[in-house]
Structure formats: C-alpha cells, structure tokens
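1. just to be clear, the model below is a prediction. Sequence and coordinates:
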Amino acid sequence: MATKPDATGNTSAPLSEDELQDLVASADTGARDPAGTAGYIIAGVALLWSLFQLYIASPLPFTLTSMTGLPLVLNDAQTRAIHLAFGLFLAFMAFPALPSSPRNRIPLADWVLAIVAACCALYIFVFYRALAGRPGLPITQDLVVAGIGMVLLLEATRRALGPPLAIVALVFLAYVFFGSSTLVPDIIRWGGASFSRAMDQMWLSPNGVFGVALGVSSAFVFLFVLFGSMLDRAGAGNFFIKLAFALLGHLRGGPAKAAVLASMMTGLISGSSIANVVTTGTFTIPLMKRVGFSPEKAGSVEVASSVNGQIMPPVMGAAAFLMVEYVGISYLQVIKHAFLPAVVSYIALLYLVHLEAVKNDMPVLQKRQTHPAMVALMRSGIVIASIVILIGAIYYAINFIKYALPDLSAPVLMLALLVAYVALIWYAAKSPDLEMDDPNAPVVELPVASEVIRTGLHYLLPLFVLVWALMVERRSPGLSAFYAVLLLIVIILTQKPLKALFRGLQSEERRAAFREGFEDLVVGLILGARNMIGIACATAAAGIIVGTVTLTGIGQVMAEFVEFLSGGNIFLILVFTALISLVLGMGLPTTANYIVVSSLMAPVIVELGAANGVLIPLIAAHMFVFYFGIMADVTPPVGLASFAAAAVSGGDPIKTGFTAFFYSLRTVLLPFIFVFNTDLLLIDVTWVEAIWVTAQAIIAMLIFAAATQGFFMARNRIWESVALLLVTFMLLRPGFFLDLVQPPYIETPPTQIFEAVKDEPADAGIRFTIRGPNFDNPDQIDERTMAFDLGAAGAEGAARFEAATGLVARVEGETVILDEPFDMNSLAGKTLSKLDFYADEPVVITAVEVSNEGRMPRELFYIPAALLLALVMFMQRRRGGTLGGNPQAGRPRPAEA
C-alpha cells in the first residue's frame, strides 16, 4: 500500500520521511542495509563495481596494456559478464525475497544464491573463448550453468523490480518451449525449441541476456546513473529544487510550476521516475497543497513532471543509449530528435498548472523583494544576455587555445577548468550553504534566485563538460560521462575543504571538511552502484524478450495481429500499438520498458505503415513506443509513479493516477503528431526551420493545454474547447488538411515505373499498388498499397527500384509483372508473402504514385487556425477574460501560513 492509516483510521495519511526513503530504497537501491560485516560487504562490492566501471571507461586499460604487455583490455563479452555478476550478487544481498524477510541481516540462503548467481554470470567471462569455439554446440556443463543462471536472473529481477518483468520474461520463455502446443492459437504458433537451443540463445550467446541491452547498460548507462547519484550527493539536487522555487515559486500556482521545473532538472540526470517523484515531491507536494491543490492534483502534477523527466535528454532513463544501438544513428542525432517534444511537453505542463491555479483562484507565496519589479526584470534580461555571451566567448576561447596550442591544449584547458572551479568555490563560500526548507513549517520564505545561483554555479561545470564532450567534441557517451564523473570526484573531495579555507576556518575544521568530502565520495560511488542493481537486472531480463523475438520471429506475428485488428488503417495501427505498449510497460522501469516495447512494437509501426502506404521513420516509431511505454508509470492500475506520489501527498492512488493521466494528455498527443509530422523530431529541417517549428509547436501545445483545462482567457464554453482542439491540430498537423485538398501523391502510368523511380530526388517516397492471387485461395485476388523510401539518387531506374524495394519487376506490354522477393525477411517479402507468384495470373503493379511536388504550402492552413483562435479570444475577451486569466476570477493573495 502507498498510504497508511492516520489517527482516525483514514488510509490517506502521507508517509513519513523515513517511510518515503524506505519506499525509494525498496524501488531503487534495495531495502536491506544490514550492520556489521554483511553491510560492509554490500558497500564494498558496490564500491568495487563503481571503480570497475570507471576503469573500463577510462583510457587506463589501454595505457597499462601498452606498459606491461598484459591483456588488461576487456572485450564486450567479458565486461558484460562482470557487470551482470555484480548486479546479481547485489540484488540478492540488498533486496529481501519477501516483504516479511529480514532487513537487518542476510539469510544464509541469500548468501548462497548471490554467490551462485554471480558465478553463473562470470562463467561467460572465464570460458568465453571455449564458448566461442563451439557456437551452437553447448556441452552439459554449459547447459547446467545457463539453466541455473536463468532461474536466478528471474528471481533477482523479481526482487529488484517486482513481479511484472519477471512474469513477462517467463511468458516469453514459455512461448519458446511450448510455442508448438495445440493450446497456442494458430496465429502465434511456432515449432518450439529444445532446452539446449533455448539456453544457447538466451545465456551462452550474445543474442539474449548478454546482448545489446546489457552491453549498453555496462558501457553507458552505469556511468550516467553514477553521474546523477554523485551530482546529487554533491548537493546539486537541493540546488535545483531551491533554484526552481526561487525562479517560479512566487507566481500563481508557483509551487506546482517549481515542481515542474525541479523535476525537469532532476530528470536530466535521473533514470527513475519514482526517485524523481519522492526527491522533489517531498518538498513540492506539501507546498502545492498549501496554495490550494488537492492531494490528488498535487501528486498528479509531480507525477506528470517526474515521468516527463524520462523523455528529457540527455539520459531519457537510459533509453537514449539504447536507441543508438537499436535505431543505428548517433547519440547526437537521438538527442536532437528527442529534444523538442520533451521541451514542448514541459512548457505546456507549466502553462497547464498555471491555468489550474488561475481558474481556482489560488494564492501566491510571498517572495522577498530585493529590487522593484521592473529593475528585477531588467536584471534578469541582462543576466540571460550575459550567459549567452559568456557561452559564446568560452566556445571561441577553447577553439582558439586548441588552434594556437595543439600539443598543449589539453593540459591548458584542464588548468583553466580547475581555475574556474576554484574561482566559483571562492564565490560560493561568500554565502552560507543551502539547506532544505521544511515544507511543513508554519511560514515558507522563498529564496532569492541570485543568492541561490551563487552557491551552486560550480555544479554546472560537470554538466558543461558532459555536454561539451558529447555535442562539440563528439566523444562517445561513455567517455564523456567518464570525464564528467572525474570532475565530480574532484568537486566532491575538494568543495568543502576549499570553502572552509576561503571562510578562514581553523585547520581542524578544514581536515573535518576533507573527511566529509571523502565520505561523500565513497557514499556517492556506493549509491550509484546500488541504483544500478535494478537496471542491470532489467536489461539482462529484457534480453530474454529480445532473444525470444529473434529466435521465434514473434515480431512478425505481432505485426500480423495488429494489422488484423486495425484492418490496415494507419491511425488504428498506432492506437493498438500504443495500447499494447501501455500494457507491456506496466510495472517496468524505464530501461526495461523501452527494450520490451521497442523489440516488439517499433518494427510493427514501420512495417505496417510502409505496407499500407505510409512511410514512418524508424526513430519516430521508437520514440512513439517509448512515450507510451513510460505512460505506464502514470496509468492505473499499476502506475508506480502515481502510487509514490500518493504516498507523499496522502491522496488516493487511483484518483492520482487518473488525474496524472489527464495532465499527461499532451504526452499522449505528441507521439501521434510526430509520427506524421516529423518536423517535430527535427528530421531534415534547417536551423531556421527549427526555430519556426519550435515556436509553432509551443503555441499549439499551450492552446491544447487551455482546451483540456477548460480555461483560456476565461472559462471555456464547450464549442470554444472544441475550437481550441481544432486549432491545435491545424498547427501541429497542417499536412492533414492539405491532403484533403491536394493529394500527397500523383499517379503515373505503371509502365513508366523505372523512369519515375530514376527521376525522383534523393530520399523521396514512392507508392505502388500491388495486385495478385492469394496463395491459399487462388480465386481470391489481394491488393495492397506499399510505400518505399528510394534512398540515394543517381542510379538507373531498375537498379534503384530493386535496391529500394527488394523486388524485381519487368515490363511486358502494358503490364508490370513482379517476381517473388529474393529476401523473404525484407519488408516486401513479409508483406507479400501471402501472394502466389507462380499462379497462372501474375502479381502485377497496377498503380505507381510519386510525390506531388506542385502542392500549395501546408502553412496556408495556419491562417484559418489563427482566425479561429482570434474568434475564441474575442469571445472570451468580451466576457472579461485576459491572457493571464480572468482578473476577477483569480486575484493574487498571500498564502495562509
């Protein structure tokens, strides 16, 4: 249960601070923290795991190998095995088997399970050469280890993440072994696999547990989770919360707006929506309740903003790194595609909570006024302009140093970074350290932004190093995170001693400050590893699903199932895919969630779209299923983030979940839009176009928030809400209305197919209508329209056609005849598998459609959208409304103490 009975027997009393920390520990780091030797072993193994991950991410193995001649550089198979061994050992040690299991000691059975599980993972490390020498031919010893390892992995996953992922993995394993049973429906039945074949696929080869997902976890995810844990341990989490309240807390509904901003900043470095809810919600939810939000609405705002932290680059709950592997594009491209929808979603949420506050006439919290409002506004403008100028100056200064001192640029830049760090610490030492306010205190005095900023500017340096290495230097995510963590280690060790020095404290106090810094470093490394236990188990267990999809081909079955339900309608295909992603994502952490839904459902969208005449980029499909997968954290009955928020607020968990889903409707809308309007993912847009797309998307989502909240300039009438929804759709998807007026494709004679293909520009889309006899029923003639991306231009028509489609066509008189696809696993092979290419009646192309380049600009439909918006504004203005809300309906007043 998420709540506990209060003194009256009500079950809606919020949990205490200790109980909330226990909730986070149970979900993320493990509820067991024994004293004595066992506690030291857990801490020591966790610390060793962090040090191991830093070692393999650093250049040190290559340096030591060249110096000593010893093979100290580990390959992927070895690092994944060691990574999982650490995760499994700590899962059995830190997570109790049952709620009633002891937490202050470790039972003997758990010691045995932890050691055996770690040994099963290390078996791949020790015998990887022998296993590589007998691919597909496991010996009895291999099978015994694999079988035990699979069982213990599922148990570790159940302990660390709860039953959902373990149950899903068991269902897929059952399908592997018993898929040939007559109890299995015909549509998903397959031949089944032996124990030897299954274990070879799942444990002994890199196609299952030790596959891509675990590789991403060991190479990238660990370092980013460690970075987030250490940054929070250094004090940045408190800094972000204070800064959010200093900037937004004094506005109408300020605590809710501050919660949104704080959760966004925390989400930048967090991989857990539950931890995000509890970390920021402990402070923000009581304040939201104080200014008038009900417990359910306060919890819902926190849930909506915390879950959205999972879609915010650069981490995206570790999904960003998995997308690099699954989509086959660079990390920088993933960040570019994910950035705009995430930012737009957060801006819309800020506006949504503003409207909620205005229409309910909520009071404001008092803010210390250090300057008149106009002066404060001018100072803010000067600060923002100065930051932009400073960033530009730093960029050109670094490039100048690299150009002027190519051989010495690295040490010079490191020295400059350290000088900047010491200067910022000196500046921070002039102010007292930040302390977390008690949200339940009688009076809350909001901090001043300038006072908060000066205490934590040095926290921005690791973020700067991370972004610079990723975006400018184009380093790998793992190496970039390593450099950022390295700087964080320096900061944690030295920030307290340096502050003590600059404040003129005695030598004994400086030594105590250094000891505190060292303890913070050790604790940060341990917490980073403990936060990774669930993710390591999740990526390994999700490898079972990936291995099953590869072994059985169930992905194609899912495509057929969704197409059967939707009848080939692309919108219904997306709806059913979204619903399946929601179900598959229930109760799963973000990383496992994405692995499961992307393995099963992302290819379905791409294949069925193309098979029904709509080209959908692969990254758009992956973003679509990712968005709906994380919505499972919100949606009852399993919405984990909603239950965590209810535990903080004392509200009803189910009601909190439904309200949070209502607040998250913008996150539901965006995937349906960017699948068709890929400009929102910044695909093939210039920087000038990107500015326009950003402005248009922000305006559209603000209008959508006003429509769903039933309040714009004043309370909406029904027709006004409908009109605002229409305006939203016209701004986000103007191509839909243009398609009704002018078709996106124009027909060309089928016999001119090769000329049409040759003349189309690079990456152009083309559609073919294919007609032929059904393989099972020759008297039945099937017909479908397929879309293809023609790729690079310049080739001859026939060669370009064959390369893009995987089909061979020949023109005979007035007929274009197709031969059977040479690759039955290609899109054409799968889509046309039910046609009989050897019947008396041939399979033919009956229509060819090329892009209609002569259409009017789709932006013309912004004009009726603007007119309709103006009409709504005019009608609400006549009723006394203003853009900031009706002044008579929400006059600011101080919050009650």
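-> Perfect, I can see it now.
2. could you use CA atoms for every contact and neighbour count after this?
-> OK.
3. is it true that residue 671 touches residue 623?
-> Yes: Residue 671 lies in contact with residue 623 (Cα atoms under 8 Å); the separation is 7.3 Å.
4. in the stretch 751-897 of the chain, which spans are strands?
-> Ranges of strands in the stretch 751-897 of the chain, per DSSP state E, counting those that start in this stretch, are 765-773, 781-789, 809-812, 815-818, 844-851.
5. ok now the fourth one, how far from the chain's centre?
-> What separates the centre of strand 815-818 from the centre of its chain is 45 Å, taken as Cα atoms, centre = their mean, to the nearest Å.
6. show me what counts as buried in it.
-> If you call a residue buried by 16 or more other Cα atoms under 10 Å, then strand 815-818 has these buried ones: 816-818.
7. again with the second one
-> Burial within strand 781-789, assessed by neighbour count using 16+ other Cα under 10 Å, is assigned to 782-789.
8. output that strand as CSV, nothing but the C-alphas.
-> Provided in CSV are the C-alpha atoms of strand 781-789 (Å, rounded to 0.1, in the frame of the first residue of the first chain):
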residue,chain,number,x,y,z
ILE,A,781,-7.3,-11.5,-55.6
ASP,A,782,-5.5,-9.5,-53.0
GLU,A,783,-4.4,-5.9,-53.4
ARG,A,784,-2.4,-3.5,-51.2
THR,A,785,-0.5,-0.2,-51.5
MET,A,786,3.0,-0.2,-50.3
ALA,A,787,5.4,2.8,-49.7
PHE,A,788,9.1,2.8,-50.1
ASP,A,789,12.0,5.3,-49.5
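9. quick one: distance of the host helix or strand of residue 153 to the chain centre.
-> According to DSSP states H and E, residue 153 maps onto helix 140-161. Relative to its chain's centre, helix 140-161 lies at 28 Å (Cα atoms, centre = their mean).
10. now do the helices in the stretch 701-850 of the chain.
-> 718-732, 734-741, 753-759, 797-805, 827-831 (DSSP state H, counting those that start in this stretch).
11. among those, which is nearest residue 120?
-> helix 827-831 (38.5 Å; Cα to Cα).
12. quick check, pLDDT for residue 735.
-> On pLDDT, residue 735 comes in at 88.
13. do residue 95 as well
-> At residue 95, the model reports a pLDDT of 91.
14. can I assume it is in contact with residue 30?
-> Yes: here residue 95 lies in contact with residue 30, judged by Cα under 8 Å, at a distance of 4.7 Å.
15. quick check: neighbours shared by these two?
-> residue 160 (Cα atoms under 8 Å, 6 or more residues apart in numbering).
16. same drill for the two, tell me which one is more crowded.
-> Legend: neighbour count by other Cα atoms under 10 Å for residue 95 and residue 30, higher for residue 95 (30 against 26).
17. wait, what's in contact with that one?
-> For residue 95, the contact set (Cα under 8 Å, 6+ apart) comprises 26, 30-32, 159-160.
18. Three-state assignment for the nearest residue to residue 424 once chain neighbours are set aside, please.
-> Sequence neighbours aside, residue 458 is the residue nearest to residue 424 in space, at 5.7 Å (criterion: Cα to Cα, 6 or more residues apart in numbering). Here residue 458 is recorded as helix under DSSP: H, G, I helix; E, B strand; the rest coil.
19. please identify the buried residues of the host helix or strand of residue 332?
-> Assigned by DSSP H and E, residue 332 falls within helix 331-359. Using 16+ other Cα under 10 Å as the test for burial, helix 331-359 gives 331-335, 337-359.
20. picking that back up, out of the strands of the stretch 751-897 of the chain, nearest to residue 146?
-> strand 781-789 (42.4 Å).
21. in the stretch 351-500 of the chain, which spans are helices?
-> 373-404, 409-429, 449-456, 460-467, 477-502.
22. kindly report the same for the stretch 1-150 of the chain.
-> Secondary structure of the stretch 1-150 of the chain, counting by DSSP H, counting those that start in this stretch: helices at 17-24, 37-57, 60-68, 76-94, 108-126, 128-133, 140-161.
23. so for the first one, mean pLDDT?
-> In other words, helix 17-24. The average of the pLDDT scores along helix 17-24 is 62.
24. now for the nearest residue to residue 773 once chain neighbours are set aside: which residues touch it?
-> The shortest distance from residue 773 to any residue other than its chain neighbours is 4.4 Å, reached at residue 781 (Cα to Cα, 6+ apart). By Cα under 8 Å, 6+ apart, residue 781 lies in contact with 771-774.
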